[in-house]
Structures are given as C-alpha cells and as structure tokens.
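In: turn this into a structure:
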Amino acid sequence: MPVLSEQQITDFQRDGYILVHDAIGYDDLQLLRADFQQWVDESREHSANYGTTLDNRPRFSLQPGHSASKPALRRIASPNELSENYLRVMRSSPAVDAVCELFGPNLCFNNAKINSKLPGSSTEVKFHQDFPFELHSNDDLMTVLYFMDDVTLENGPLEVVPGSHGGPLLEHWHDGVFTGAVSDTVAAQLKQQMKPCTGPAGSACLMHTRLLHGSAPNRSDQPRTLFICSYNAEDAQPVSPNHIPSVHAGELIRGVETGNVRYSEYTVRAAELPKDASFFEQQSSAPDS
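Out: Predicted structure coming up:
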C-alpha cells in the first residue's frame, strides 16, 4: 500500500520537501532514544571530539561549552555502525518506502548521522544545500530527517526555502574559503520565504538534496534530536568522496542493482572534505560570507 498520497507527491515536486507521519514506530523510537542517551552519558567523560570514523576523523562532535554537568553532544557520524537499532531504521521504514515512491524502486543508502540540539544549545546551522557535499551523477538524492523528539518552533526546527530545489546550485565557497553555507546576502534575501518543518516525534521530513535549508539554535528546555539518513537512486553514482563514509555506504536497500549510470547536467564547486568531526567546524571557523 502506498505511503504517500497523490497530493503529497505533488507537494514534494513543487516544494522539495514533505512531512511523513509515523515514520518510526513507538518501540523503535524508544530504542533509538535509549541508544542516544547512552552516548550522551558517555560524552560526559570527554572534553573534546572523540571516537573514530571510517576515515579516521572523530565520530562524536561536542558543542563548545560541553561539560560533564551539561553535556552538549551535537553530532554522531554513522550511528548505524554502532547500533543495530539505527541500522534497522536506516534500512527499513515507511520513509524509505516513500523515497522509492518519489525516486523509483531501486534505492541505495548514502550516509547517516545524528544531529542533536540539547536544551539551550547554541548550535546554528547556516543555510546551505546538501548536494555540493554529496555530488552524484544525478540529483535524485533524498535527506530523510527522522524526528526523535517533538520538533517545535522553539527548539530549533529545520527551516527550508520551498521550491529552491528547482533553482540554481548556490556557491558555498567565499573569498577562496569553503564556508559550508550560502552567503549572508543570499540568506537575508530568502529569509522571508523560509518555512519551519515541525511535527511530532516519530515523523520524518523528506528533503530534496538541492533544497536550501538551515536551522536556528534551540532556545527551549526541550531537546531536538534528528536521525538523518541520505539515500540515492541506484543509478545516481557518486562523483565525489563521501563526507560521512560508512561500511554501509552504497548498500542497495530497495529494488535491484541495474548497473546503469544516469547523468544530469549541473555545474557546482565541490565541498571541501571536513578535517574535523563535521561541517559544524567548517561553518563555525569560516569568516562571515
């Protein structure tokens, strides 16, 4: 039975994003939360980014100001490598079925991460598009953001510019420096068009890789944690290194392997590979753009 209605498909084609309710069942949601809480508790023992990813960068990224008494774990790379619960949701959920309804039956996993804004978090995600970070032969790539908490207007929700997936690929380099974000001028021009993506825990936002998006700090006393998975059509082959490499990258999770490579025409300067735990460091260390 289809996950998406015809109206949702039309909305996605027009806006570049949709919300899918009940993308994670209650039991799975509790397991994901429990695993994440264990990682938060573990982070209390650390004062700097730690752990090791497949490319020997830190797996766990700590927000400035993190402490044992007030942990601020903001990013975990490839949690699907650490937890069978995250791996199961990554491979099988109504959201994955919905991606197939939009992109076709053959689907591969690209990468995954957890982005968390614990209460009072100052972490801001500047506006950017995902595609320069994950270049493929075509742009049938989807970012699925699984809501592990209720996402409200107060706790730093995803903000998107509807329809921007159909526009140009914007510059994320400024004055020779990779900022991981569009210029402040572009962001200011589009500010009035930004829409928040909110919803109850267990929902998922499906977002096209070219959609312009960002998020504000969490000003509330409630957490906002997302399990974020990127998927690509099987005939979209990578043409740049994976910024979040994983032993599961490229895994066929729906359909069959055709061996086909489909190309679309685009021109964009590839993102700079992160040297530290994540692009948070790139955005925070870059000069104002």
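
In: switch to C-alpha atoms for all contacts and neighbour counts from now on
Out: Fine.

In: and what about the residue nearest the centre of the chain, helix, strand or coil?
Out: Residue closest to the average C-alpha location in the chain (CA atoms, centre = their mean): Ile228, at 4.3 Å. Classification of Ile228 using DSSP: H, G, I helix; E, B strand; the rest coil returns strand.

In: which residues sit in contact with it?
Out: Listed by CA atoms under 8 Å, 6 or more residues apart in numbering, the contact set of Ile228 reads 112-115, 143-146.

In: which pLDDT value does the model give Asn218?
Out: Here, the pLDDT recorded for Asn218 equals 92.

In: backbone dihedrals for it, both of them.
Out: Per-residue torsions, Asn218: phi -90, psi 110 (degrees, to the nearest 10).

In: quick one: it and Ser122 touch, right?
Out: Yes - with contact defined as CA atoms under 8 Å, Asn218 reaches Ser122; the gap is 6.5 Å.

In: of these two, who's got more company?
Out: Counted by other CA atoms under 10 Å, Asn218 and Ser122 do not tie: Asn218 has more neighbours, with 24 against 17.

In: ok, now how distant is the more buried one from Arg44?
Out: Taking CA to CA, to the nearest Å as the measure, Asn218 falls 20 Å from Arg44.

In: kindly report the same for Gln37.
Out: Counting by CA to CA - Gln37 and Arg44 are separated by 11 Å.

In: Val20 now?
Out: On the measure of CA to CA, Val20 and Arg44 end up 34 Å apart.

In: need the outlier residue of the chain, farthest from its centre.
Out: Largest centroid distance in the chain under CA atoms, centre = their mean is Ser69 at 27.9 Å.

In: check contacts around that one.
Out: Ser69 is in contact with Arg44, counting by CA under 8 Å, 6+ apart.

In: make 442 the first number, not 1, from now on.
Out: In the new count, where the first residue is 442, that last one comes out as Ser510.

In: mutual contacts of Asn659 and Ser563, please.
Out: Counting by CA under 8 Å, 6+ apart, nothing touches both Asn659 and Ser563.

In: could you pull up phi and psi at Ala674?
Out: The phi/psi pair for Ala674 (degrees, to the nearest 10) is phi -60, psi 140.

In: how many other residues sit next to the nearest residue to it once chain neighbours are set aside?
Out: Excluding its sequence neighbours, the residue lying closest to Ala674 (CA to CA, 6 or more residues apart in numbering) is Leu548, at 4.7 Å. By other CA under 10 Å, 27 other residues sit near Leu548.

In: now the one 4 residues further on
Out: The criterion is other CA under 10 Å. On that basis, Asn552 has 27 neighbouring residues.

In: how about the helices in this protein?
Out: With DSSP state H as the criterion, the chain has helices at 447-456, 467-484, 525-532, 535-544, 625-631, 720-726.
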